[in-house]
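>>> what's the 3D shape of this:
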Amino acid sequence: MCQITFEEYTGLMQRRDFLKVAAGSAAALPTLWINSKWATAEAAPEDSPIVFNQLGYLPNAPKLITLRTPSTKSTVRAVSSGVIVLQGKPDEPRDDAASGDRIQICDLSAIRKPGMYVLETDAAKSAPFEIGNDVYRHALWLTMRGYYGQRCGCNVDLGNGYSHHACHLNAEFHTTSGKSGPYKNHGGWHDAGDYGRYIVNSGISTGTLLWTWEMLNGAVGKLDLKIPESGGKVPDFLAEIRWNLDWMLTLQDADGGVWHKQTSENFCGFIMPQDDHLVSYVIGTGSAPYKSTCATADLAAVAAIAARCYGPYDDAYARNCLEAARRAYAWASKNPNVTFQNPESIRTGEYGDTDCRDEMLWAAAELWRTTGEEQYRKAFETSVSYLRTDNGLRVKAPSWNDLSAFALWTYALAHRKGASIELLEQIRDSSVHEAERLVQNSRENGYGNSLSLADYVWGSNGVAGNQSLQLIVTDRLQKNDDFRLAAAENLHYLIGRNCFDLSWVTQLGRNPFQHPHHRPSAADNIAAPWPGLLSGGPNGRPGDRVAASLPKRPPMQMYKDDQAAYSLNEIAINWNAPLVFLLASLNS
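Modelled structure (predicted):
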């Protein structure tokens, strides 16, 4: 996600059609072209009294629907015949702390026959919902194909007018990189609503998708993403990931270190990517050794996973990835504490991280899993001590600045000889303990998500996705149906079972959000936004002017579907990735 300064101009975005505004400081920011149909977005849609997953439900899965209007009875009818298939009554009304709503739950799990249904209560009638075996297949395709829409450096055409020409084909070394002059590289994914590319956020995004390939291959192995590489030797899922991985590899210096990011000095306006002519800089720390530890270790981990994934399709590429991973890890081991913050002239996303131990731990674990070499196992086992607590190991859902859980799970899933039995048991037990806490959160939440009140932060929908990933991985360590069911409840929340009756994925579901903080969606003159992108979602800690203007409410209510509300409604590659993982799990 990008922390941008353009919110100071939202007061100017009132006229219809296009508005040309001069930035407050011409030296600091470019002239902006802003499409007012997005900037003057309305608040969230009218509340619906009956909310559920707008994609539907699998036949044998639980089907919990939330009522926001009191009712004493419920009736479910088949849409095709009008025949009543289930009658009952909702559970007792209760107050939901996260939303402030008084809610009831209808359990429709007894309905297993595929078809379309409606729920009727004393006060309302629901929109139709579907039960079927393939209700999540299109969602998996759409959210993964959303990465093709985020491509930088090539022509993109998603169809239906969603297209742009090749962008950011020329680059230069910034003075902060320790080098100067032009640099011929391109590629990668635009990180979020801006056109920057950032190694640390690419790390968790690419790593999560590669884990999806390894763990849930049955769901993604044969996806036809309709991308330029379709039909080639490399499966589409891996081909799309490779577009970003190739760019990550270009930011590795000859000594093995990796520069932190590639962006302009300031964010461009709300224009199409090919119209952004600001210099694309390779940006470093500003002083020797210029590369950063977190970025370098991120590449080491991701490239080590890639060496496993691409080997069957391109052995030379897999070997190149492994060599890059080794060199990156060696550099980071010699430079373990080189952190990054934006140099004085840089105002794009920082992704600053003052603690790179988790990235180093993840890199050691992935290299050991890939190679079986003792040096990496010993490095992991020596370094893991910082995660020890009085109750075991700290295992929390991964985020771009805390990848320690990935490290622990990699060690546990490696199935390599020489692993410490005691450490494996600690990883499993600590993971299970945390998963049980998330299950309890899900049961107590009126809309079924696993978020605590403190989890409604910038990108809370991504937190829900990563908690689902955590539940699914923990189920691999110790089978427990409750873990997988709680993960699925997070999907239901993201696709409609929430206090806004809103799907937080563009062009998905009956009532998807419309106004992401996303430059192509704002600049393309198409009413609907680019497809397959997850909104950051409710944020109890306002981070922009629109969010700060909202009345103070319980944290789930702190959301507005507004293009200017970047702390609520931006999209980001690291939020889409766990959603792809979750959808792949439900399609397996």
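>>> those strands in the stretch 351-500 of the chain, which residues are they?
For the stretch 351-500 of the chain, applying DSSP state E, counting those that start in this stretch gives strands covering 388-389, 392-393.
>>> Skipping its backbone neighbours, what lies nearest Ser177 in space?
Gly284 (3.9 Å; Cβ to Cβ, 6 or more residues apart in numbering). Heads up, the C-betas are built off the backbone N, CA and C, glycines and all.
>>> Enumerate every residue touching the one you found.
His174, Thr176, Ser177, Gly178, Trp259, His260, Tyr290, Lys291, Ser292 (Cβ atoms under 8 Å, 6 or more residues apart in numbering).
>>> so where is the stretch 151-300 of the chain shaky, pLDDT-wise?
Applying pLDDT under 70 to the stretch 151-300 of the chain picks out no residues at all.
>>> sorry, back to before: just put the strands of the stretch 351-500 of the chain in CSV and tack on distance to Leu169 and mean neighbour count.
Converted to CSV, the strands of the stretch 351-500 of the chain look like this (distance: least, Cβ to Cβ, whole Å; neighbours: other Cβ atoms under 10 Å):
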stretch, distance to Leu169, mean neighbour count
strand 388-389, 48, 10
strand 392-393, 46, 20
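>>> Now stretch 197-215: buried residues?
Buried residues in stretch 197-215, counted by 16 or more other Cβ atoms under 10 Å: 197-213, 215.
>>> Restricted to helices, list those residues.
199-213, 215 (DSSP state H).
>>> Return the closest of the residues you listed with respect to Asp134.
Among these, Thr212 lies closest to Asp134 (Cβ to Cβ), at 18.6 Å.
>>> how much space between the residue nearest to the closest one when sequence neighbours are not counted and Phe483?
In space, and not counting its chain neighbours, Thr212 is closest to Phe581: 4.7 Å by Cβ to Cβ, 6+ apart. Distance, Phe581 to Phe483, using Cβ to Cβ, to the nearest Å: 14 Å.
>>> Look at Leu29 and report its pLDDT.
pLDDT for Leu29: 29.
>>> and what of Asn391?
For Asn391, the pLDDT comes out at 89.
>>> Then the one 3 residues further on?
According to the prediction, Arg394 has pLDDT 97.
>>> now the one 5 residues further on
According to the predicted model, the pLDDT of Ser399 comes to 98.
>>> Give me the neighbour count for it.
Neighbours of Ser399 under the rule other Cβ atoms under 10 Å: 16.
>>> and the nearest residue to it once chain neighbours are set aside, how many neighbours does it have?
Spatial nearest neighbour of Ser399, chain neighbours left out: Asn466 (6.5 Å); criterion: Cβ to Cβ, 6+ apart. Neighbour count of Asn466, defined by other Cβ under 10 Å: 28.
>>> How about the contacts made by the residue nearest to Thr212?
Contacts for Phe581 (Cβ under 8 Å, 6+ apart) come out as Thr208, Leu209, Trp211, Thr212, Met215, Leu216, Gly465, Ser468, Leu469, Ile472.
>>> Looking at those residues, which one is closest to Val118?
For the contacts of Phe581, the residue nearest Val118 by Cβ to Cβ is Ser468; the value is 27.9 Å.
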